[in-house]
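>>> I'd like to go over a predicted model; first the sequence, then the structure.
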Amino acid sequence: MDSSTTSPLTSERIDVFWEEGMLKHYTGTGVFDTLIDPGFLEVLEKHPENSDRVKNMVSILKKGPISQYISWNAGRLALISELLTFHTQEYIDELMQADKDGGKILCAGTILNPGSWKASLLAAGTTLSAMKHILDGSGKIAYALVRPPGHHAQPSRADGYCFLNNAGLAVQLALDSGCKSVAVIDIDVHYGNGTAEGFYRSNNVLTVSLHMNHGTWGPSHPQSGLVDELGEGEGYGFNLNIPLPNGTGDRGYEYAMNELVIPAVQKFEPALMVLVVGQDSSAFDPNGRQCLTMEGYREIGRIVRKLADKHTVGRLLIVQEGGYHVTYAAYCLHATLEGALSLPLSLLSDPLAYYPEDEALAVKVVDSIKQCWKDKVLLFQ
Ligand code: OKP
C-alpha cells in the first residue's frame, strides 16, 4: 500500500549521518567482485560495492516518503588514535602504507585505491559521530550511512570489501564512554566475522549475526560463521551465529528473530543496541540467497525497535554494510527504517515482492540452533 500522503503519526525521527567524500572510494570493474577482467567479456560490470548503491540510499531517504522523518547530520574523519581502539597498530600502518603507495589489493575483492583511505576514515568517523550523538542524548535512533563497509574488518585484517570496522569502533566508543553492555544484531547476508572477532572474548558485547551459510572464504575470512563459534573465555556464549539456509525469506527471518534473537537479547539486557544492516539479504541481491523482501526488513526494523524501547530507552545505532542491488537495496533500507520508526502503516510499496516463499527449511534449522544453544549458551538457560 502506498500511503505517502499520510502525515507523521509519531514524533519520532531518525538522525542520519552521512559524508559525500565516502563516494570517492573507487572499486573498479571486473567479473562481479573479483577485480579481474577475463578478456572475453564485452561489458564488464562495476564491482558490487560501488558508490551508485549508496547514492540511491541517500536519495531515497532525501526524496522518498520517509524523508519527513529524517534529519541529516555531517560526519567526520576518524583519528588514527580512535582506530587503535579496535585495530592493531601494525594493521593501520599497513593500510596507511598501501595508501601512500597509491593503492593495494588487500584480499579477494577488497581494493584500496587513491581516495579509499580517506573514504574509510570518513566511514569510521561518521559512524563514531552517530554513536556519540546517541551517547550524548542528542537523539535516540541514529543511522550511519557509510561505505566502505566494515563488519568483515578484523582487528588486524581486511576482508570482504571492508578496511575499518565502523560498527566495532562505535561499540568500543560506547564501552569507553561508560556504557556497560552493547548488543549487536547483524542482518547483512554475510557473517559479521570482524565484529565477532573484535569482541570474541568479551561478555559486555553480545554479537549476533544472521547470515547465509557461506562458510569460510579464504585466509582473510577464516571464521566459519557456524553455531559452534560461540566466543572464548569470558566471551563464551556471547557470540551467537545464526547461519540460515538459502531462501529463508521473510517468515523464516521473523521466526529466527522471535525464537533466537529476542530471547537472547532480553536475557542479556543491553544498555545499547546496534543494528548492522545489509540489504544483501534481499530476494534480488546478486551477493546473497536469503530472499528477504521489504516487508521482512520492515518487520526486523520493528522487532529491533521494540527491543530498544524495552531495554535501552529506545537508543539504537544503525550501521550500513552491504546491499548491492542498486534499486532494491535503497527500497529495503527505506523499509527497515520505517520499521525502526515503528510506523503503523507502510509508506512505500514493494515493486518486486511477488515471489513465493517457503519457510519450512528455515524453521527446522532455527529449531536445531535453539536446541544447541540450550545446552551451551548461558543466555538460553
Ligand atoms: C561484504 B558485505 C571470496 C568471496 C568473497 C565477499 C563478500 C563480501 C560482502 N571468494 N565474497 O558483508 O556485504
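Structure received.

>>> quick one: contacts for the closest residue to the ligand within the chain?
In the chain, the residue that lies nearest the ligand is G322 (2.1 Å; Cβ to the nearest ligand atom). From N, CA and C alone the C-beta is placed, and that goes for glycine too. Contact analysis of G322 by Cβ atoms under 8 Å, 6 or more residues apart in numbering lists 48-49, 149, 161, 188-190, 278-280, 287.

>>> Name the residues that touch stretch 49-68?
Under Cβ under 8 Å, 6+ apart, the answer for stretch 49-68 is 2-4, 8, 16, 18, 22-27, 33, 46, 70, 72, 145, 147-149, 161, 320, 322-327, 329-331, 333-334, 337-338, 341, 347-348.

>>> Stretch 90-102 too?
Taking Cβ under 8 Å, 6+ apart as the rule, stretch 90-102 contacts 80, 83-84, 104, 106, 112, 114, 116-117, 120, 155-158, 163-164.

>>> From these, which land in strands?
104, 106, 112 (DSSP state E).

>>> if we can go back for a sec, from the contacts of stretch 49-68, list the buried ones, please.
The neighbour-count criterion (16 or more other Cβ atoms under 10 Å) marks 16, 18, 22-23, 25-27, 33, 46, 70, 145, 147-149, 161, 320, 322-326, 329-331, 333-334, 337-338, 341, 347-348 among these as buried.

>>> Of those residues, which belong to strands?
Counting by DSSP E, the buried ones among the contacts of stretch 49-68 contribute 16, 18, 46, 70, 320 to strands.

>>> does the residue of the chain most remote from its centre belong to a helix or a strand, and which?
Here the centre of the chain is the reference, and by Cα atoms, centre = their mean the most remote residue is F40, at 34.9 Å. If you go by DSSP states H and E, F40 is not part of any helix or strand.

>>> P222 - nearest residue in space that isn't next to it in sequence?
T216 (5.6 Å; Cβ to Cβ, 6 or more residues apart in numbering).

>>> For C107, see how far away that neighbour is.
According to Cβ to Cβ, to the nearest Å, T216 and C107 sit 13 Å apart.

>>> Same question for G150.
15 Å.

>>> Of the two, give the one with the bigger neighbour count.
Legend: neighbour count by other Cβ atoms under 10 Å for G150 and C107, higher for G150 (31 against 18).

>>> The more buried one against Q320, yeah?
No - at 9.1 Å, G150 does not count as touching Q320 under the criterion of Cβ atoms under 8 Å.

>>> show me the contacts for the residue nearest to G278 when sequence neighbours are not counted.
In this structure, G278 finds its nearest non-sequential neighbour in D188, 2.6 Å apart by Cβ to Cβ, 6+ apart. Applying Cβ under 8 Å, 6+ apart to D188 gives the contacts 149, 151, 211, 276-278, 280-281, 321-323.

>>> again, but for G247
G247 neighbours (Cβ under 8 Å, 6+ apart): 289-291, 357-358, 361-362.

>>> And it, its phi and psi?
phi 80, psi 20 (degrees, to the nearest 10).

>>> Name the single longest helix found in the protein.
helix 116-135 (DSSP state H).

>>> any idea of the mean pLDDT in that one?
For helix 116-135, the mean pLDDT works out to 98.

>>> mind exporting it as PDB, just the C-alpha atoms?
These are the backbone C-alpha positions of helix 116-135, laid out as PDB (Å, rounded to 0.1, in the frame of the first residue of the first chain):
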ATOM      1  CA  SER A 116      39.800   4.900  -0.500                       C
ATOM      2  CA  TRP A 117      41.700   5.600   2.700                       C
ATOM      3  CA  LYS A 118      40.100   9.000   3.200                       C
ATOM      4  CA  ALA A 119      36.700   7.400   2.500                       C
ATOM      5  CA  SER A 120      37.400   4.700   5.000                       C
ATOM      6  CA  LEU A 121      38.400   7.300   7.700                       C
ATOM      7  CA  LEU A 122      35.100   9.100   6.900                       C
ATOM      8  CA  ALA A 123      33.100   5.900   7.200                       C
ATOM      9  CA  ALA A 124      34.700   5.200  10.600                       C
ATOM     10  CA  GLY A 125      34.500   8.800  11.800                       C
ATOM     11  CA  THR A 126      30.900   9.200  10.600                       C
ATOM     12  CA  THR A 127      29.800   6.100  12.500                       C
ATOM     13  CA  LEU A 128      31.600   7.400  15.600                       C
ATOM     14  CA  SER A 129      29.700  10.700  15.200                       C
ATOM     15  CA  ALA A 130      26.400   8.800  15.000                       C
ATOM     16  CA  MET A 131      27.300   6.800  18.100                       C
ATOM     17  CA  LYS A 132      28.400   9.900  20.000                       C
ATOM     18  CA  HIS A 133      25.100  11.600  19.100                       C
ATOM     19  CA  ILE A 134      23.300   8.800  20.900                       C
ATOM     20  CA  LEU A 135      25.700   8.700  23.900                       C
END
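
>>> quick check, that helix touching the ligand?
No - judged by Cβ under 6 Å from any ligand atom, helix 116-135 and the ligand are separated, with a smallest distance of 13.2 Å.

>>> Could you list every helix and strand in contact with that helix?
Helices and strands touching helix 116-135, by 3 or more Cβ pairs under 8 Å, 6 or more residues apart in numbering; DSSP states H and E, are strand 14-18, strand 70-74, helix 80-83, helix 89-100, strand 141-144, helix 166-176, strand 316-320.

>>> Reformat the ones you listed as TSV; add mean pLDDT and distance to V265.
As requested, the helices and strands packed on helix 116-135 are exported to TSV (pLDDT from 0 to 100; distance: least, Cβ to Cβ, whole Å):
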stretch	mean pLDDT	distance to V265
strand 14-18	98	20
strand 70-74	98	26
helix 80-83	98	27
helix 89-100	98	31
strand 141-144	98	17
helix 166-176	99	15
strand 316-320	98	12
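
>>> would you turn the ones you listed into JSON lines with distance to the ligand?
Compiled in JSON lines, the helices and strands packed on helix 116-135 are given as follows (distance: least, Cβ to the nearest ligand atom, whole Å):
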{"stretch": "strand 14-18", "distance to the ligand": "19"}
{"stretch": "strand 70-74", "distance to the ligand": "23"}
{"stretch": "helix 80-83", "distance to the ligand": "20"}
{"stretch": "helix 89-100", "distance to the ligand": "18"}
{"stretch": "strand 141-144", "distance to the ligand": "15"}
{"stretch": "helix 166-176", "distance to the ligand": "11"}
{"stretch": "strand 316-320", "distance to the ligand": "10"}
